[in-house]
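In: Next comes the sequence, and after it the predicted model I'd like to discuss.
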Amino acid sequence: MTLHQCRIARDCFLHGALLACLAGWVVGCSNEAPAGVVMGGTQTVGGTAAGGAGTGGNASTAQATGGSAAGGAPTGGSASTLQALGGTTTGGAATGGSASTFPAAGGNAAGGASTGGNATGGSLPATGGTGGVSSSGGSAAGGKATGGSVAGGSATGGSATGGKATGGSATGGSTTGGTSAGGRTTGGVAAGGIAAGGVGGTTSNGGAGGSILAGGTTATGVLAATPPMGWNSWNKFAGNITDTLVRGIADAMVSTGMQAAGYQFINIDDMWQAANRDSSGNIVPDGTKFPNGMKALADYVHSKGLKLGVYSDRGTKTCSGRPGSYSYEAKDAQTYASWGVDYLKYDNCSPAAGSNIQTDYTNMANALKATGRPIVFSVCAWWFYNWETSIGQLWRTGTDIKDNWTSFISLLNNNGGWSSRYSGASYGSPGLAQYAGPGHWNDPDMLEVGNGGMTDTEYQSHFSLWAIMAAPLIAGNDLSKMSAATKDTLTNADVIAVDQDPLGVQGKPISTSTTLEVWSKKLSGTQTYAVVLFNRTAASADIAVTWSSLGMTSTSATVRDLWSHTDLGSTATQYTATVPSHGVVMLKVVGS
Ligand code: GLA
């Protein structure tokens, strides 16, 4: 068939005898099969070519299906109001369809590359291409874009403006999370590959699975990409908080080296509020305790390079009886944002009659997002619920910590173990560690280090185990009056680096023994692990860690002691340390 004949055949489409014409021109058009074109009419099907390119149909109101080619490159159809489907190819590259109001599906390629569909303004999704060596996600303006999926190749997530973009998924390949401007992005998922977190949007979650996980980032910086570090007033001061006290703590955070060690948040817990809202329903501070107001206090904290947190509750009253945020979520979130608040701890007392816990927490999460200010949302519902992982950057996994060994152990077992390992632990195997990652952390509650109810050795254990669990490090002591031992514990850079490792893995106990324990946490870097040897017994004892138990393939490894800050050289197979009663030896181990 000549090009002239092809044009004649294409003209057949315009006059309606579609199937007959298709049969006529497809066979001979070896280089190019042109698109069917129907303006304002019925479905069009793109051309088909063996060894050439099939160009998709175009329709302004009906469905357009892309061309298909064996060994060539088909282009998807385009439709202005209805569905457009991408081209299909074996061995070539397929480009997805594009549609302005309804869904566009990506091209499909076996062995080639496929690019996702594009949808503009559609409420329905643009779906990424499938298959091939690489596939890119669809893109949607105002809609939802889902990334491509691929076996053995690389998949790039969808991108959305104002919508939700979900990362691609790959088996054995690499996936990059979705990208979204103003929307929500979810990172990619890889089985056996590399998953990178989503980028942009109001919130973004890191990827899951794979050998390397990179955290999600937001356009303005990562929101809790590593576990939050700061100070909270409750453990030491309870309701005895004032503007003067908080400013003094901010000063001490800087002068003691805590800020340089990574602590950022100055969080004011319960009892900062006046007993009642003002006549317009605004939440207001207790004027005796905070005579300068919260905006002035936030400005002071910010002037030190620190961030300010406040506290509220999903019910009608806080746990200490001050006004809760129930039914005032949007108003309170706007108030906090106008003050420059950076962190909200949200408690679980006095639920309103007939209210639902998930709805109440979600309402505040959405209200915070609607302010446009990045505000870390700390869910304090005392218990782990699955839905918390998608609305908060951290969530409590147990009851209130007390400044004693029994309370510390109980919270440790609950947050870091699972019910078949420790009696009294609440969560089944594989435990809560699976939910931790950049932007979302299990919270076994604030630190008691330095408050006097435990020995310095026990506080070292508390701090080390919180760090290996990638727990938030929120100091709860008086920073202006710290002993040297307390300061050394809270500012131990080697231990803090374990907590803040960008991989964001929550470490777990790996020993059979539950009394002379070995805990392990994968760190970023090849064959790099943090290890805690923890002695729960009343007498000192030797505890050994073997390299194979860490999952390491090397037979020898270099060892650094993170409390003595000493490099111990290289050892073969294992390392054994004598660990004091209630104490730890904490190591960084790198296979060599
Ligand atoms: C609850 C929380 C604590 C603290 C108090 C304040 O008990 O779990 O962390 O915020 O309320 O009243």
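Out: Received, thanks. Numbers count the residues shown, from 1 in each chain.
In: from here on, contacts and neighbour counts on C-alpha atoms
Out: Will do.
In: So which bits of the stretch 151-300 of the chain are right by the ligand?
Out: By CA under 6 Å from any ligand atom, the residues of the stretch 151-300 of the chain that approach the ligand are D269, D270.
In: what about whichever residue of the stretch 151-300 of the chain sits closest to the ligand, how many neighbours?
Out: Across the stretch 151-300 of the chain, no residue is closer to the ligand than D270, which sits at 4.8 Å (CA to the nearest ligand atom). A count of nearby residues for D270, using other CA atoms under 10 Å, gives 24.
In: Can you tell me the element I266 falls in?
Out: strand 265-267 (DSSP states H and E).
In: for T457, same thing?
Out: Here T457 is assigned to helix 456-468, by DSSP H and E.
In: ok, and what's touching that helix?
Out: Here helix 456-468 makes contact (CA atoms under 8 Å, 6 or more residues apart in numbering) with 405, 408, 412, 444, 447-450, 472-473, 485-486, 489-490, 495-496, 498-500, 506-508, 519-521, 530-532, 534, 582-584, 586.
In: Select from the residues you listed every entry located in strands.
Out: Counting by DSSP state E, the contacts of helix 456-468 place L473, K508, W519, S520, K521, A530, V531, V532, F534, V584, M586 in strands.
In: Tell me the one among these nearest to the ligand.
Out: For these, the nearest to the ligand is L473 (14.0 Å; CA to the nearest ligand atom).
In: count of residues packed around the single nearest residue of the stretch 351-500 of the chain relative to the ligand?
Out: Closest to the ligand within the stretch 351-500 of the chain is D400: 5.1 Å, counting by CA to the nearest ligand atom. D400 has 14 neighbours, counted by other CA under 10 Å.
In: do the one 10 residues further on as well
Out: Neighbourhood size, S410 [other CA under 10 Å]: 19.
In: residues in contact with it?
Out: S410 sits next to G424, A425 when contact means CA under 8 Å, 6+ apart.
In: Checking it next. Helix, strand or coil?
Out: helix (DSSP: H, G, I helix; E, B strand; the rest coil).
In: Against A425, how distant is it?
Out: 7 Å (CA to CA, to the nearest Å).
In: before we move on, what about A475?
Out: Taken as CA to CA, the span from A475 to A425 is 24 Å.
In: quick one, which of those two is more surrounded?
Out: A475 (28 against 20).
In: And the average pLDDT for the longest helix anywhere in the chain is what?
Out: Secondary structure of the chain per DSSP state H: the longest helix is helix 357-371. Helix 357-371 shows a mean pLDDT of 98.
In: Next: stretch 509-516.
Out: 98.
In: How about stretch 478-498?
Out: 98.
In: List of residues touching that stretch?
Out: 236, 248-249, 252-253, 256-258, 261, 449-451, 456, 459-460, 463-464, 467-468, 470, 475, 523, 530, 562-563, 565.
In: got the contact list for stretch 315-326?
Out: By CA under 8 Å, 6+ apart, the surrounding residues in contact with stretch 315-326 are 270-271, 273-277, 283, 312-314, 332, 347-352, 360.
In: That one near the ligand anywhere?
Out: Yes. On the criterion CA under 6 Å from any ligand atom, stretch 315-326 is in touch with the ligand at C319, S320.
In: sorry, back to before: so what strands line up beside the strand holding I266?
Out: Strand 265-267 pairs in its sheet with strand 229-232 (parallel), strand 307-313 (parallel), by DSSP bridges.
In: Can you list the buried residues in stretch 548-557?
Out: L550, M552, S556, A557 (16 or more other CA atoms under 10 Å).
In: In CSV: those, plus secondary structure and pLDDT.
Out: Shown next, in CSV, are these (DSSP: H, G, I helix; E, B strand; the rest coil; pLDDT from 0 to 100):
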residue, secondary structure, pLDDT
L550, helix, 98
M552, coil, 96
S556, strand, 98
A557, strand, 98
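In: Include distance to S325 when you put these into TSV, please.
Out: Putting the buried residues of stretch 548-557 into TSV (distance: CA to CA, whole Å) gives the following:
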residue	distance to S325
L550	46
M552	49
S556	56
A557	53
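In: hmm, which two among those are most spread apart?
Out: Using CA to CA, the pair of the buried residues of stretch 548-557 lying farthest apart is L550 and S556, separated by 12.2 Å.
In: Could you pull out the helices in the protein for me?
Out: With helices called from DSSP H, the chain shows them at 3-14, 18-26, 234-237, 243-255, 258-261, 293-303, 329-339, 357-371, 405-416, 456-468, 484-490, 493-499.
In: Quick one: those helices as a markdown table, columns for distance to G321 too.
Out: Shown next, in a markdown table, are the helices of the chain (distance: least, CA to CA, whole Å):
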| stretch | distance to G321 |
| --- | --- |
| helix 3-14 | 75 |
| helix 18-26 | 75 |
| helix 234-237 | 15 |
| helix 243-255 | 20 |
| helix 258-261 | 32 |
| helix 293-303 | 20 |
| helix 329-339 | 17 |
| helix 357-371 | 18 |
| helix 405-416 | 25 |
| helix 456-468 | 30 |
| helix 484-490 | 32 |
| helix 493-499 | 34 |
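In: rewinding a little: of the contacts of stretch 478-498, keep whichever come out buried.
Out: By neighbour count, with 16+ other CA under 10 Å, the contacts of stretch 478-498 hold 236, 249, 252-253, 256, 258, 261, 449-451, 456, 459-460, 463-464, 467-468, 470, 475, 523, 530, 562-563 as buried.
In: Excluding sequence neighbours, find me the nearest residue to S426.
Out: Nearest residue to S426 in three dimensions, chain neighbours excluded: S419, at 5.5 Å (CA to CA, 6 or more residues apart in numbering).
In: Kindly apply the preceding question to N292 instead.
Out: Per CA to CA, 6+ apart, closest to N292 is D243, 7.5 Å.
In: Contact distance from the ligand - what residues of the stretch 451-592 of the chain qualify?
Out: Going by CA under 6 Å from any ligand atom, none of the residues of the stretch 451-592 of the chain are near the ligand.
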